[in-house]
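In: give the three-dimensional model of this entry:
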Amino acid sequence: MIRFRLIPSLLFCLLAAGCTDKPQEIVVCGDDQVLIFDKSKSDSVNLTVNWRWKVSDAADLPAEYQKYLVPTDECKPVDYNSKILITSSGGGVVLIDRQTRKPLFYAHVPNAHSAELLPGNRVVVALSTAEGGNSIQLFNISEADEVVFKDSLYSGHGVVWIDDIKRLFALGYDELRSYSLKDWDTEKPALKLEKRWKLPDDSGHNLSYETDNSLVISTHRNVWIFDIPSENFTPFKPLEGVENVKSVNVNSQTGEVVYTKGEISWWTHNIYCINPEKKIVIPEINIYKVRVISN
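Out: Reported below is the predicted structural model:
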């Protein structure tokens, strides 16, 4: 599981002169494609794209399945950035190898909004609304479309795995949950519900890291920090007063914040950065969530 922060060696490299071989990359997706671009070389005028993947280019993906991947909602770098995990409210989940661009796993999951790659090549998906009820679902990568575990979760919009404490956190409409792994080395793996916390307000949008011990939660009205050891919610001050924030990524070492906010109904064409302040325009696709790649 890759962390959305810069490791100390990279921070030193960025501060040192001549560190140009490690681009500061951001992953965005929307409509029918995924873009990875160099943040340091992109702004409101220019966009330096390092990698692009379109649903229609996926020759190894069944043609009848491609329609489920539009529009793409979340694209998350996983497995040391070697893979991109894509979810779509159109009903598709696909794991793409970044180098070969080939799909390694795909499943039809109606109204999927977030996914995570778990140990043992398993994928967990949070659903917003789906036939048979809202839920999170667990899959083996080797067995596409076969659900091995399911738990109800109303309006699931975010899942994050923290490897250090072996916990999966899931964001629903008005609650945050933590799960541990159960019977993981058997034929019937499961997620064991450990705790549930009521959110300070409702309509959860996105879940991501601030640090190893804290999470960032955006809701319809506010952005919150959840401190895991103390189990407390506090306002995320850098974004107080910013309306309709959809997704947030925080670099705790540099203080940098990268976020999206709804501008065209639910969607946006822009990425906003704090410390340093910058607006990056993505004119060609409608974005919901943004993810930062740590090298």
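In: CA only for contacts and neighbour counts going forward, please
Out: Fine.
In: what secondary structure does the residue nearest to residue 232 when sequence neighbours are not counted sit in?
Out: Of all residues not flanking residue 232 in the chain, residue 226 sits nearest, at 5.6 Å (CA to CA, 6 or more residues apart in numbering). The assignment at residue 226 comes out as strand when based on DSSP: H, G, I helix; E, B strand; the rest coil.
In: what sits against residue 226?
Out: In this structure, residue 226 makes contact with 214, 215, 216, 217, 232, 233, 234, judged by CA atoms under 8 Å, 6 or more residues apart in numbering.
In: pLDDT value on the last one, please?
Out: Which is residue 234. Residue 234 carries a pLDDT value of 97.
In: what about it, neighbour count?
Out: Neighbours of residue 234 under the rule other CA atoms under 10 Å: 12.
In: name the element it belongs to?
Out: strand 232-235 (DSSP states H and E).
In: one step back: any idea which of the contacts of residue 226 has the most stuff around it?
Out: Note: the member of those with the most neighbours is residue 217, at 28 neighbours, neighbours being other CA under 10 Å.
In: now the helices for the stretch 1-150 of the chain?
Out: 8-15, 63-66 (DSSP state H, counting those that start in this stretch).
In: lowest mean pLDDT across these, which one is that?
Out: helix 8-15 (a mean of 33).
In: how far away is residue 38 from residue 209?
Out: When distance is defined by CA to CA, to the nearest Å, residue 38 is 21 Å away from residue 209.
In: who has more neighbours out of the two?
Out: For residue 38 versus residue 209, neighbours defined as other CA under 10 Å are more numerous around residue 209 (23 against 19).
In: distance check, the more buried one against residue 53.
Out: Residue 209 sits 25 Å away from residue 53 when distances are taken as CA to CA.
In: do the same with residue 225
Out: Between residue 225 and residue 53 the distance is 33 Å, computed by CA to CA.
In: picking that back up, any idea of the pLDDT on the residue nearest to residue 232?
Out: Note on residue 226: pLDDT of 97.
In: again, but for residue 6
Out: Looking at residue 6, its pLDDT is 33.
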